[in-house]
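**Student:** Can you look at this prediction? I've put the sequence above it.
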Amino acid sequence: MKIGVVSRLDVDESIQLTQKIVEFLARKGIETLLDKSVVEHLKNYEEISCPLEEMDADIIIAVGGDGTILRTQSYISSKQIPLFGINMGTVGFLTEIDPELALKSIEQVLKGKYFVEKRTQLQIQHNQKLHTALNEVVLMTRKPAKMLHIEISVDEEIVEELRADGLIIATPSGSTAYSMSAGGPIVDPQVEAFIIVPICPFKLGSRPIVVPDKSQIKVKLLREGKKAMAVIDGQAEEEINFMDEIIFRKSKDHACFVRLTKDFYRKVREKLIKGGIC
């Protein structure tokens with residue numbers, strides 16, 4: 001087994017735990033690759049240094065929060081390498097375990113006592129460029145306090161034309177993120193669907209919509225002279241101009257996660273009660 005290790009870089013405790021994990025894997029005789037950006041914060045690990053975009057492993061351990069998971073997934077999206085998340089963030093919906101259980105849980109993984117959960121991703125097409133999102137794509141104006149005028153269609157049928165602060169197209173994984181904060185429903189990751197959520201729409205009848213993930217969703221910017229920005233999983237940005245079409249489809253590539261238990265609803269109960277504050 002070959003294991004990759006990545007970490008968030010802005011928290012010392014995360015870097016320290018990452019070092020413990022690398023040393024633990026070395027004692028177990030496991031071939032290990034360490035993200036190059038982490039190696040720059042540690043000494044004597046140059047031999048196992050590897051840029052994240054070039055990492056090819058059986059499993060990647062991600063030490064951090066959901067942001068670390070999303071950043072890692074954005075680099076390995078087409079490789080479908082299972083991610084094992086250790087929560088060093090605030091809420092950590094996509095992560096699997098708490099830091100105090102890290103080594104014990106990795107021991108279970110090394111013994112094969114885990115399963116791989118697949119999550120649906122969005123494919124986004126704009127001006128012949130393709131992107132992939134695990135959580136969501138957020139359309140918003142570049143200027144605060146300005147509204148977008150947009151047309152939404154599903155499978156060539158116009159669903160809505162509205163003015164709003166923005167729009168979220170989310171996967172079930174993203175249903176517990178920004179989509180939920182904007183009034184969207186929580187959707188079990190096993191449900192084959194996408195969620196369309198207007199952000200502060202001017203029209204009272206504009207409400208979140210759940211559509212099959214086999215659908216093709218098109219969003220068009222209708223107001224001349226106003227540009228928008230598409231933010232993909234909080235990691236990448238794409239400028240959208242007047243009459244541009246953005247097309248959303250189900251990606252052929254899944255995101256894969258190493259799981260020790262099936263506990264989606266426990267996470268909903270426990271993590272959302274805290275409201276992201278702990």
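**Tutor:** Great, that's in hand.
**Student:** What segments of the stretch 151-278 of the chain are strands?
**Tutor:** 157-170, 193-201, 209-212, 217-221, 228-232, 236-240, 245-250, 255-259 (DSSP state E, counting those that start in this stretch).
**Student:** any chance of those in CSV, with distance to residue 54, mean neighbour count and mean pLDDT too?
**Tutor:** C-betas here are computed from N, CA, C, even on glycine. Rendered in CSV, the data for the strands of the stretch 151-278 of the chain read as follows (distance: least, Cβ to Cβ, whole Å; neighbours: other Cβ atoms under 10 Å; pLDDT from 0 to 100):
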stretch, distance to residue 54, mean neighbour count, mean pLDDT
strand 157-170, 30, 19, 95
strand 193-201, 31, 22, 96
strand 209-212, 36, 16, 98
strand 217-221, 33, 20, 96
strand 228-232, 21, 20, 95
strand 236-240, 19, 16, 93
strand 245-250, 27, 18, 96
strand 255-259, 18, 22, 97
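**Student:** who wins for proximity to residue 65 among those strands?
**Tutor:** Comparing the strands of the stretch 151-278 of the chain by their distance to residue 65 (Cβ to Cβ), the top pick is strand 255-259, with 14.5 Å.
**Student:** Dump that closest one to CSV, restricted to CA.
**Tutor:** Output in CSV follows, covering the C-alpha atoms of strand 255-259 (Å, rounded to 0.1, in the frame of the first residue of the first chain):
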residue,chain,number,x,y,z
ALA,A,255,-15.1,11.6,-5.2
CYS,A,256,-14.1,8.6,-3.0
PHE,A,257,-13.8,8.6,0.8
VAL,A,258,-12.4,6.0,3.2
ARG,A,259,-15.1,5.4,5.8
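**Student:** Nearest to residue 24 among the strands of the stretch 151-278 of the chain would be which one?
**Tutor:** Minimum separation from residue 24 across these (Cβ to Cβ) falls at strand 255-259, 16.0 Å.
**Student:** Report the secondary structure state of residue 91.
**Tutor:** Three states are possible here, and by DSSP: H, G, I helix; E, B strand; the rest coil the one that applies to residue 91 is coil.
**Student:** again, but for residue 19
**Tutor:** Three-state secondary structure (criterion: three-state DSSP) places residue 19 in helix.
**Student:** Got phi/psi on the nearest residue to it once chain neighbours are set aside?
**Tutor:** Using Cβ to Cβ, 6 or more residues apart in numbering and skipping residues adjacent in sequence, the residue nearest residue 19 is residue 42, 5.9 Å away. Dihedral angles of residue 42 (phi, psi; degrees, to the nearest 10) stand at phi -130, psi 160.
**Student:** how about the strands in the stretch 1-150 of the chain?
**Tutor:** According to DSSP E, counting those that start in this stretch, the strands that the stretch 1-150 of the chain contains are 2-7, 31-35, 49-50, 59-64, 83-87, 115-119, 122-126, 129-133, 136-141, 148-154.
**Student:** who does the third one pair up with?
**Tutor:** For strand 49-50, the paired strands and their directions (DSSP bridges) read strand 31-35 (parallel).
**Student:** Any idea how far the strand it pairs with is from the middle of the chain?
**Tutor:** Relative to its parent chain, strand 31-35 has a centroid offset of 22 Å by Cα atoms, centre = their mean, to the nearest Å.
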